[in-house]
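1. Give me the fold of what follows.
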Amino acid sequence: MKFVVLIGPQAVGKMTVGQELEKLSEFKLFHNHQTVDLVSQYFSFSTPEGQKLVEDVRLAFFNAFAASDAPGFIFTLMRDFEDPADTQFLDHVTGLFEAQGADVYWIELETNIETRLVRNRSENRLKNKPSKRNVEKSEKHLLRCHDQFRLNSYDGEIKRENYLKIKNSKMSAAAVAAQIQNFISA
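-> Okay, the predicted model is just below:
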């Protein structure tokens, strides 16, 4: 099995690239908002109950997929590189798959804020992420996170063998997915 984690800030294109990668492979996409939007119907994600439920649901999926004979699994994640809890979570999830013999790939996407603001309003994003349909609120959250958190790594910071950083401001999701597919097939 191959486990591909698409890392990057909001509206960088993680889900859309994951959708394109899913088309090129036999992998299944599990984007982070599938759990956030599910749980948000019952608990705010900003509450401890909401965060715990999102994590519990994700871990149930991760454990099931890691133990399965599926060829691959794609997960999307926004990570604050200054937050030890985010690092711990990603290391834990990576470890679940590695313990089952999976090849793990961290793919980081990076683009400028102007491109992200345009992508934040894309039809595909709004169709697949109910919590982003209030575009004004979503845009304010995106800008606040951009100002408060470090959502991309420094060059050379990540030392994993199967790591690739792609600056995708001027690339289509299909082109990024093809680059990833080549990388994980090498």
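2. helices or strands next to the lengthiest strand in the chain in the packing?
-> For the chain, the strand with the greatest residue count under DSSP state E is strand 103-110. Secondary-structure packing of strand 103-110 (3 or more Cβ pairs under 8 Å, 6 or more residues apart in numbering; DSSP states H and E): strand 2-7, helix 84-99, strand 163-167, helix 173-185. (C-beta placed from N, C-alpha, C; glycine too.)
3. Mind listing residues that contact the longest one?
-> Pointing back at helix 84-99 there. By Cβ atoms under 8 Å, 6 or more residues apart in numbering, the surrounding residues in contact with helix 84-99 are 1, 3, 5, 7, 55, 58-59, 62-63, 65-66, 73, 75, 77, 79-81, 104, 106.
4. Next: the third one.
-> With Cβ under 8 Å, 6+ apart as the test, strand 163-167 has contacts from 105-111, 153, 155, 158, 176, 179-180, 183.
5. my guess is Ser138 contacts Lys132, does it?
-> Yes - assessed by Cβ atoms under 8 Å, Ser138 is found in contact with Lys132 at 4.5 Å.
6. Have a look at these two and say which one is more surrounded.
-> Set Ser138 next to Lys132 and count neighbours by other Cβ atoms under 10 Å: Lys132 wins out with 22 against 19.
7. gap between that one and Ser122?
-> 10 Å (Cβ to Cβ, to the nearest Å).
8. now do Lys28
-> For Lys28 relative to Ser122 (Cβ to Cβ), the value is 22 Å.
9. Contacts only, for the residue nearest in space to the middle of the chain.
-> For the chain, the residue sitting closest to the mean C-alpha position, by Cα atoms, centre = their mean, is Thr76 at 1.6 Å. Each residue near Thr76 by Cβ under 8 Å, 6+ apart is listed here: 5-7, 14-15, 18, 29-32.
10. Could you export these as TSV, including pLDDT?
-> Putting those into TSV (pLDDT from 0 to 100) gives the following:
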residue	pLDDT
Val5	98
Leu6	98
Ile7	98
Lys14	97
Met15	92
Gly18	97
Leu29	96
Phe30	94
His31	89
Asn32	83
